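K.L.:
this is a predicted model, with the sequence first.
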Amino acid sequence: MKTQFLSIFAAVTVTCPITALAEVTVEPAGMKVVWKSLKDEFDGFKTYNSAEGVYVTFAVRGGEKSIIQFDKKKSKATIKDGDKDLGGEFGFWNKTSKDGKTMRIEVKTDQLPTGGSGTLKLAGSLVLTMASKTETVTSGPREFKKDDKLTFTDDFSCVVKSIEKPKHGDNELEVTFKWDRDIPELAAVRFYDEAGKLIESKAGSWSSMGGFGKRTVSKSYLLKKKSAILKVEMDLWSDAEKVTIPMDMIVGVNAGK
């Protein structure tokens, strides 16, 4: 008979060499093991809506710093059952909290543990970009048109890809910017009308395409009010720094005792 077990995690604290405030914690959030998906028996509806395998979810807390980017390609993770390496990859539902202080990350594998030892090991490293301070930069006020270039700093500029009334919803204006690199240092964007009054706005759609060492990012913003003259204000992270967080956690029924 196959031994089945649920798991408890031990939280791990990692100190990173960036600043005195850079204490990062990796904490348990949950785990599931799917031995049989039963999709054939139940018309395609899988157990826990998942394929066979092991799924481990944990929370990374940045302390006084915000987590502004998770580099999934450069990060590594593996789940081990004793001496057997079950492999591992990051899931698609990794998400950062609204305040930016916590990130939820999932590691999964389609290989099943034997259950003999009662514990698993999660090992690897997380590559994160973190920051705590922002600098406000502006462009305008002026009339913005399609293909206009906006320069905010010596290192960052963008182009107005489109500025028009959105096709759907009750917003009055949609402004889409385009730039040629990934900029995790962009923290917030605000718009002001010709009288200098803040316009209520929210982020809309975005896209990112790249290849051969080049990348193009487009991001739109939906404005509740239309104004012929606009001032664009951006908050850029001024102390963004990439760090590597090691992972070494035991997963098992006795790990949390």
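P.N.:
That came through fine.
K.L.:
quick check: pLDDT value at residue 10.
P.N.:
Per-residue pLDDT puts residue 10 at 41.
K.L.:
same question for the one 4 residues further on.
P.N.:
According to the per-residue confidence, residue 14 scores 40 in pLDDT.
K.L.:
can I get the CA coordinates of stretch 90-108 in CSV?
P.N.:
The C-alpha trace of stretch 90-108 is given here as CSV (Å, rounded to 0.1, in the frame of the first residue of the first chain):
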residue,chain,number,x,y,z
PHE,A,90,7.8,27.1,-11.0
GLY,A,91,4.1,27.4,-11.5
PHE,A,92,2.2,30.1,-13.4
TRP,A,93,0.3,31.6,-10.5
ASN,A,94,3.1,33.3,-8.7
LYS,A,95,1.8,36.6,-7.4
THR,A,96,2.9,39.6,-5.4
SER,A,97,0.6,41.2,-2.7
LYS,A,98,-0.9,44.7,-3.2
ASP,A,99,1.7,46.2,-0.8
GLY,A,100,4.5,44.5,-2.6
LYS,A,101,5.9,43.1,0.6
THR,A,102,5.0,39.4,0.1
MET,A,103,5.2,37.1,-2.9
ARG,A,104,3.5,33.7,-3.3
ILE,A,105,5.5,31.2,-5.3
GLU,A,106,4.6,27.6,-6.3
VAL,A,107,7.0,24.8,-7.2
LYS,A,108,5.6,21.7,-8.8
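K.L.:
in that stretch, what's buried?
P.N.:
By neighbour count on 16 or more other CB atoms under 10 Å, the buried set for stretch 90-108 is 90, 94, 96, 100, 102, 103, 104, 105, 106, 107, 108. All C-beta spots, glycine's among them, are computed from the backbone N, C-alpha and C.
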